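**Student:** this one's structure only:
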């Protein structure tokens, strides 16, 4: 009974948000009519639908569909459905296409399975390509397994950002970063974008050749155009650590150890890089989350990092 209630609730929310996005059924029919005249609309890429009626920092529901380029009329995609403000996550960390079907003009007839349930159980879904920016997702038969994708919604194509080198605005707060990563993946990626592409490879090479570290994640921070680049890099393993590094002309100007965590310890070391480029280092209790300041540092205009008294 609880499962049926959740599915009905998901259907109701989907209907509500569909009305919000397309205003009414007549406008939806108008969009559908226009779409029938469009051919070869590119659909590869990431599409998204959000249900956030109260305009809160964490939406009630988030649904993304990553469509892979296919051959001929073959359709494959992977969805990620997050419901109940992040308490229900129907996703996979691996590349796994759980939506497959056939493209017929501006319609796609497909089946999907839930990452939350038995992958052998599948349901039918129909996707209607409305235009180059909108696709209607609609589950067309009753589903008898647990899933958290919406029953019906309009997914919108994600726009590519022009910025090639993402920069994190200050403050850079390790505690808030980790909380946001668990609560709202989309906002987390916006607030704490990781380096990627050629710049990631370049910075990673500089770090590995000049230190004993091999970073798993690298974030560039906005240091107010001081004439060098500042990065926070993270390494994960039996213990986790974070360091700050300043680089100019492919050379390291300064490197400061910031954070450290090992599960066997009672406390861990955390930090905040403030807007004025000062850095607070904290000792945080794993259980109570109480913290006390250990050290303070300052990023200087010449690229050095000095300890404050």
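**Tutor:** It's in. Note that the coordinates shown come from a computational prediction; the quantities given were computed from them, not determined experimentally.
**Student:** now stretch 94-102: average pLDDT?
**Tutor:** Mean pLDDT, computed over stretch 94-102, is 93.
**Student:** also stretch 213-225?
**Tutor:** The pLDDT scores in stretch 213-225 average 94.
**Student:** stretch 118-127 now?
**Tutor:** Across stretch 118-127, the average pLDDT comes to 88.
**Student:** ends of it, what's the gap?
**Tutor:** Start-to-end span of stretch 118-127 (Cα to Cα, to the nearest Å) is 23 Å.
**Student:** ok, and for it, which residues are buried?
**Tutor:** Neighbour-count burial for stretch 118-127, counted by 16 or more other Cβ atoms under 10 Å, picks out 122-123, 125-127. Any C-beta I mention is one placed from the backbone N, CA and C, and that applies to glycine too.
**Student:** those in strands, which ones?
**Tutor:** The strands, defined by DSSP state E, take in 123, 125-127 from the buried residues of stretch 118-127.
**Student:** would you reformat the residues you listed as JSON lines and include distance to residue 202?
**Tutor:** JSON lines is the format used below for those (distance: Cβ to Cβ, whole Å):
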{"residue": "123", "distance to residue 202": "45"}
{"residue": "125", "distance to residue 202": "42"}
{"residue": "126", "distance to residue 202": "45"}
{"residue": "127", "distance to residue 202": "40"}
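**Student:** of these, which pair is most distant in space?
**Tutor:** The span of those, defined through Cβ to Cβ, is set by 123 and 127 at 13.4 Å.
**Student:** sheet partners, orientation included, of the helix or strand hosting residue 241?
**Tutor:** Residue 241 belongs to strand 240-248 when assigned by DSSP states H and E. Paired neighbours of strand 240-248 in the sheet (DSSP bridges): strand 229-235 (antiparallel), strand 251-261 (antiparallel).
**Student:** in stretch 224-233, what's buried?
**Tutor:** In stretch 224-233, counting by 16+ other Cβ under 10 Å, buried: 228-233.
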